[in-house]
Every structure is written in structure tokens, then in C-alpha cells.
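Q: Here is the input, now give the coordinates:
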Amino acid sequence: MWIDSASPSTSGPVTTPGTRPQARVRIPSAVTDPGDEIGRITELRDLLERANRAYYVDADPIMSDRDFDARLEELAGLEEAHPDHADPDSPTRRVGGEPVEGFETAPHTVPMTSIDNTYSIEDLRAWYERVLKGLDREIPESGDSGNDLFAAGAGADVDLVCDPKIDGVAISLRYEAGRLVSATTRGDGARGDVITSNVRAMRSIPLVLATDDPPAVVEIRGEIVMPNSSFERVNAEREARGEPLFANARNSTAGTLKSLDPAITASRGLRFIAHGRGETDGVEVETYSGFLELVRSWGVPANTHSRAFSSIEEVVERIEAFGRERRDLEYGVDGMVVRVDRFDLQRDLGATAKAPRWAIAFKYPAEQARTRLLEVEWQVGKGGTLTPRATMEPVLVAGTTVRHATLHNIEEIRRKDLRVGDVVVIEKAGEIIPQVVEAVVSERTGTEVVIEPPTVCPACGGPIEQEGPKLFCTNPECPAQFREKLKWFVGRDQMDVDGLGEKLVDQLVDADLVHHFADLFLLKRDDLLGLERMGEKSADNLLEGLEVARTRGLTRVLAGMGIRHIGASAAKVLARHFPDADALMAASVETLEELPDFGEITARSLHDHLAADSTRDAFRRLAAAGVSLRSDLHRDPADEPDPVDSPFAGKTVVITGTLESFGRKELAERLEDLGATVTGSVSKKTDLLVAGEKAGSKLRKAADLGVETWDEARLIAELPEV
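A: Have a look, this model is predicted:
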């Protein structure tokens, strides 16, 4: 059952999320003169918006799904007949006709900061004491029990609000004069992706606030979630199409919101739950709890589990009680957010560079369960890494059935003394990733089997080597490595081949259609049509995606080839310094070692890899298949910014700590435009360290090496005006 303001409650009809219940009130097909089509347009728009609010906010549906769809179809027909009465906020305009090309980013006028976490009541007590001190409130002396701070009289005028900490995707909805104008993800807190087209497709979010007196500006912040029942439906549909399954509801939500087609968002039953505000102009409310009531009155779903309390003792009781209830919810909750209710007191308390002082998140301990370890399978990754994977008797943990978990490496297995046949304790790290915590040694019978590492690659029988705790297959022709490398190669952050998922990669390899990266770009329509669940449209879309991928350039190719030590950052460094693959392959170890972020080990490893016949053959095949191996980032020295104009030209820069004025990615791109090379670690090659709050070990290392260091104020002073 969906237990939230965005869905039916136990007091009304209950349905699967995304399906409207049968109406309790019959809606007539028309209540105006049938000839008055213009009036009927207005009436239908109002009726459909009231139906959305009744379903998503009031949890009191007024019409069935079939009735809603019939009215929507009627309205669409009338609007088509009267285009002069079109309205961008009509219920028919939630989903546009064409997918978007990509997502722009935008700054948050009020940063979407994170909230500090705690796992203990003692830490919660310490936070509350800091709040009282920060507000100059009297703090009672601790008595014998040590719990006087929890007395009802302590901080009597400092009301607190408890909200579930929802495991969704954070979003900021901006309304101007009552109309939804933008929706932006949290991003790095300073900037986020603008996903307005997708959010408009969600019926739980009103396009126009239900008020005759809207504020000039209000940013309503909250979480977008996918109910468990919707998640199960989406995964069932993906499995039927042969597509890879989402690991959990949060991943499914994030993947849906990243889709460039709003129609996909509209089909997946996402819900919005408000829990905060950003910029406001004309919002006359003095408390957080009052703000939630206000947004509910505007037709925006807000969490019905939010509670206000006058003492920390009541907060603790609420946290303990809700810890037992949260498993019954239709969405993930991994803690409770506790905040000061009054906005004026929030302003008095202020914030650190990272988080507000007036709020804290209490995290529930991970749910644990016992099961039996049945088998350990060694899987081969794209870089040849052998990773042990446990198969266990199925057990329910944190709302999902768990059968498998990674055991990480052989040293981890030995440290925990895990054996096949053991009764083991498992939990979900962060409520998401299953992991084996320990073996229950007291349950052993003597029949358990010690887990030994393989002596050869389990996939190809080739030799293996150990580097630290990790085992590697050293056979460059290992078919299991290639399969995983191919999945990596076509991924979003590498070649980004649209329409090519993991299951389709498996089909292509199993059908002997692809033996090398380049074979992808030689596929014909007839090759694809012979595959399972591959229709003509899907085949054409994949071929189009491959055609686009041909032009990605050297950076994406290098990032996708699965070369050890060469990820996205190192690929960018190489692409900036070499104009094409031929120039890169001709580079000496000494030349590579001089590059930013390249030490002797990385340089020699890359040189040996590039010198291998298999690598040169891969580049030759890609070029013959029409894949661009020219650098998309190489800068001719003649085009470098004038050092007089740019203090960053030719310098290697590292960014660390928290910056208030920039997101790290945004700043890196700006410095690169000014001629800098931005790397991730401090070394003797680093020219400049930009250090924000909580800079940590990089700041200490820079000081030891004598690297010039700027704080954020110096950085802003040196950056040219945009």
C-alpha cells in the first residue's frame, strides 16, 4: 500500500500506484451545453486538475483511470479543433511531442546543501545541545540519568520537526506567479540538470499552483521516488524486452529522469514528495511545518509522515517508532531528518560550508538477516579483475529478496573467515548494496569448505597474477574480459551507443557477431534482425546510435577501451596532449611520465599496453571501421590562451575541498577553457592547488611539496570576468 500524501491512504480506496481506483463519485460526461466547446475546454481542464489533486494530494480519488483518460482524450480533441485556445499548462501538454536533445545545467539561487548524518542518539543529543547554545537558550545541568537535556522544558520555544529521510532523487521545482517554469536536480548542490520536460510529464506535480494569490517566486524542494510496485512493473517490462534490470527503485528513478523522452517518465509512475524550500518571494509563512501545509493547499504533495514536536524526547520516541513502520512504506526511507521548525531560528543558526546547523539526519542501522552461503563464483571483469560473488539461500532484506553479494577479494574472504556452507549475516550497505558482514561461527558443523582462490582464470584457463588483494587474468584474449569490456565500451560515459544495453551485448557476442570493438560498427541490419526481440525499428535505432558513436573522438575511445589505470580523467589528459592515436602510440615512457597525474607505474603500464600487438590491432580495426581516433580535446600551442591574459595557462591545477561559488565540475571546465590541465591528485607536477573548506590530505601534501595554494577568495579574484 502507498502510504503517502501522493497516494491513497488506508481511509480511502487503495490501488496500485499509477492506477486510479474506481470512482466513488460519478462524473457526468458533460455539465455544460454541448455546443459550447470553448466552455467545455475550460471545464475539462479544471476537472482534470481537480482529479489529479484529489488522487495525488488528498488521497480521495473522484474518478477512475478510464474516466480520466476519456476526459483527457476529449480535451485533446477540442484543443486540436480550437488551436487559438491552446494553453501550455493544459493537462494535455504534460508530455511534449518530441524528445529533448539533452539537459542543460543551471545554478541554484539557494544552494541545495546536504545534511549532516548521525547514527546514534548520543550524537543527536550533542546536535540538540549545539542548537540550544547557538540560540542562547539555557541548557539544563545533567543529572544522574544524564538525560535532562531530553526533558520537555529544555528549549521549550525551539520546536522540532521530524520527516522521513526519503531515498529518492532530490529536485527543486520553481514556480513564478504560480506557474511551473523549471525543475532542476540537486547536482553538486550549486548547479543541477534542468529536467523540466520530464517533470511536466508527472501528474503528481501541478503545472499551476491551486491558488488565486500565488507568490511571485517559490522554489519547492523534495524527492522524486518510484513506488515499489511501479519499480517491479518497470523491471518486468524491461526483462520482457531483454533489457538490463534496474538494481533498485532509486536507480530506476534516476535513470527515468535522465531519459531524454518525457513519455518514458510519464509511463513509470514517479511521485514527488515536498520537504523543503529554496528561493521565495511573497511566501508569508514562519515555520517549516506551516510551509508544508501551504504547499499542500496549493496542490503539491508533501509528506504526511512529517510531525512537529516540542521536545527532543518526543523526537527520539518518533524515530524509534518510525523505524518499525518504515518497512511498510512503498518507497525507501533510510532515516529521519530532524530540523528546527521556525525559519527565523534557522537563519540565526546559519550553516557551515557543507550543511545547515539547524538540521540533522538520523540514519537507521542497516537491516540484517541470516542465510546460508551456498557457492562462490569468480567473475572476470573488463580489466581482468577476478571478483568473488556469493550465491546464498534467498532471504528478504530491506524490502527485496537477496540471493547474491560480492565478497570483494580473497583477502576480504580470509579476513572474515568465510566458508562455503556457513550461516552468514548479510545487510544492505546504504539500504542498497547487499554485503556479507560475517560468518556465524557458532553454527558451524565441520562440513564447511574453505574458499580458495582459483589458480587459473575460470573463464579462459589463462594465467592469473595477484596485485595486493586483487587477482587478475593476464590473458588479453580472454573472452569473458572482452564481453565485459564491450559492455563498458558502449556505456553512457564512454562511447554512449544509444540502444545498446548489456543483454544485447550478450546476444551479439553469443551470436558470434562481435569479436572486436570495431565489429560493432560493421553490423548490418540483417545481422540485427536475427536477434531475439529485435524489430526493424530497434535495429534502425541501434545502427543510428552506432553512426553517432563513430564521431565521439579519441577521449571516449580511450576511456572505453578498459586500459588499466586509464579512466575518464586520464583519457582527457592524453587527448589534450596528443592529436590522434598514432601520436599517442609513438610516445615514449618518458613522455608519458611527464603528463599531469601520470607517474612511472602508470606511464610504463600504458606504454606496454599501447605497444602490444592486440592494442595496435584494435586501433587499426576501429580506424578501418570509420571510428574517429582524432583527439577532440587536443590544443595546438598556437591556440593556447595568452599567459598574460590567463594566470592558469599551461598550469596543472588540483581542486579540493568544498567551494561555495562553484561546483567542482563547473570550475574544472572553466579552468580548462583558460588553458589549465585539471587533475585529481597532488604531485610534484602540480602547479596550483585550489583549496575550499575541509580540504584535508591534499592540502597537507601540497604544503609538503611547496605547491602554491589559493583559497576561494583568491581564485575568484584571479578569474577573468565572464
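
Q: quick one: buried residues of the longest helix belonging to the chain?
A: When the chain is parsed with DSSP state H, its longest helix is helix 37-56. The neighbour-count check on helix 37-56 (16 or more other C-beta atoms under 10 Å) flags 40-41, 43-45, 47-56 as buried. No exception for glycine: its C-beta is placed from N, CA and C like everyone else's.

Q: If we go by neighbour counts, what in the helix or strand that comes right after that helix is buried?
A: Next along the chain after helix 37-56, taking DSSP states H and E as the criterion, comes helix 65-81. Across helix 65-81, burial judged by 16+ other C-beta under 10 Å covers 65, 67, 68, 71, 72, 74, 75, 78, 79.

Q: thinking again about what came up before, go through the buried residues of helix 37-56 and say which is closest to residue 126.
A: Lowest distance from residue 126 to those (C-beta to C-beta) belongs to residue 56, with 38.9 Å.

Q: Give me the pLDDT for the closest one.
A: Reading off the confidence values, residue 56 has pLDDT 55.

Q: now the strands for the stretch 601-722 of the chain?
A: 652-656, 677-679, 688-691, 708-710 (DSSP state E, counting those that start in this stretch).

Q: Pull up the pairing partners for the third one, direction included.
A: When sheet partners are counted by DSSP bridges, strand 688-691 sits next to strand 652-656 (parallel), strand 708-710 (parallel).

Q: Check the offset of it from the chain's centre.
A: On the basis of C-alpha atoms, centre = their mean, to the nearest Å, strand 688-691 sits 28 Å off its chain's mean C-alpha point.

Q: neighbouring contacts of that strand?
A: Contact with strand 688-691 is made by 648, 651-657, 659, 667, 676, 682, 695, 698-699, 702, 707-712, 715, as judged by C-beta atoms under 8 Å, 6 or more residues apart in numbering.

Q: Try it again at 6 Å.
A: Contact with strand 688-691 is made by 651, 653-657, 699, 702, 707-710, 715, as judged by C-beta atoms under 6 Å, 6 or more residues apart in numbering.

Q: Give me the average confidence score over it.
A: pLDDT averaged over strand 688-691 gives 90.

Q: And for the longest one?
A: Taken as a whole, strand 652-656 has an average pLDDT of 89.

Q: Output it as CSV, nothing but the C-alphas.
A: Extracted C-alpha coordinates of strand 652-656, given in CSV (Å, rounded to 0.1, in the frame of the first residue of the first chain):
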residue,chain,number,x,y,z
THR,A,652,48.4,21.8,-13.7
VAL,A,653,45.7,22.5,-11.2
VAL,A,654,44.1,20.4,-8.5
ILE,A,655,40.8,21.3,-6.8
THR,A,656,40.0,20.1,-3.3
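
Q: which stretches of the stretch 201-350 of the chain aren't confidently modelled?
A: For the stretch 201-350 of the chain, the stretches with pLDDT under 70 are 242-244.

Q: The longest helix of the chain relative to helix 65-81, how many degrees between them?
A: Helix 37-56 and helix 65-81 are oriented at 150 degrees to each other (axes from the mean of the first three to the mean of the last three C-alpha atoms, to 10 degrees).

Q: Which residue, neighbours along the chain excluded, lies closest to the residue positioned nearest the centre of the chain?
A: Centroid check for the chain by C-alpha atoms, centre = their mean gives residue 254 as the closest residue, at 5.3 Å. Distance criterion C-beta to C-beta, 6 or more residues apart in numbering; nearest residue to residue 254, sequence neighbours excluded, is residue 169 at 5.4 Å.

Q: okay but that neighbour is in contact with residue 225, surely?
A: No: counting by C-beta atoms under 6 Å, residue 169 does not reach residue 225; the two are 7.8 Å apart.

Q: Neighbour count: the two, which is higher?
A: residue 225 (29 against 23; other C-beta atoms under 10 Å).

Q: what residues are up against the more buried one?
A: Residue 225 touches 168, 271, 331, counting by C-beta under 6 Å, 6+ apart.

Q: can you give me the strands for the stretch 351-500 of the chain?
A: Using DSSP E, counting those that start in this stretch, strands in the stretch 351-500 of the chain cover 359-363, 368-380, 385-397, 400-406, 419-420, 423-429, 433-439, 449-450, 464-467, 470-473.

Q: of the ones you listed, which approaches residue 523 most closely?
A: Nearest of the strands of the stretch 351-500 of the chain (C-beta to C-beta): strand 368-380, 24.7 Å.

Q: Show me where the stretch 151-300 of the chain has its strands.
A: Assigned by DSSP E, counting those that start in this stretch, the stretch 151-300 of the chain shows strands spanning 160-166, 169-176, 179-185, 191-193, 217-225, 271-281.

Q: Show residues contacting the longest one.
A: This points to strand 271-281. With C-beta under 6 Å, 6+ apart as the test, strand 271-281 has contacts from 6, 109-110, 163, 166, 172, 204-205, 216-225, 291, 295, 300-303.

Q: List only buried entries from those residues.
A: 6, 163, 166, 172, 204-205, 217-225, 291, 295, 300-303.

Q: Skipping adjacent residues, who's closest to residue 529 in space?
A: Per C-beta to C-beta, 6+ apart, closest to residue 529 is residue 539, 5.6 Å.

Q: swap in residue 401?
A: residue 394 (5.2 Å).

Q: Check residue 291 too.
A: Among residues not flanking residue 291 along the chain, residue 285 sits closest, at 5.0 Å (C-beta to C-beta, 6+ apart).

Q: next one: residue 588
A: Leaving aside its sequence neighbours, residue 588 sits nearest to residue 607 (C-beta to C-beta, 6+ apart; 7.3 Å).

Q: correct me, but the one you found touches residue 589?
A: Yes: with contacts counted by C-beta under 6 Å, residue 607 reaches residue 589, the gap being 4.7 Å.

Q: coming back round to it: now the contacts of strand 688-691 in a markdown table, with neighbour count and distance to residue 414?
A: Formatted as a markdown table, the contacts of strand 688-691 follow (neighbours: other C-beta atoms under 10 Å; distance: C-beta to C-beta, whole Å):
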| residue | neighbour count | distance to residue 414 |
| --- | --- | --- |
| 651 | 19 | 45 |
| 653 | 23 | 41 |
| 654 | 26 | 36 |
| 655 | 22 | 38 |
| 656 | 22 | 35 |
| 657 | 19 | 37 |
| 699 | 19 | 36 |
| 702 | 21 | 37 |
| 707 | 20 | 39 |
| 708 | 12 | 45 |
| 709 | 19 | 42 |
| 710 | 16 | 46 |
| 715 | 21 | 47 |
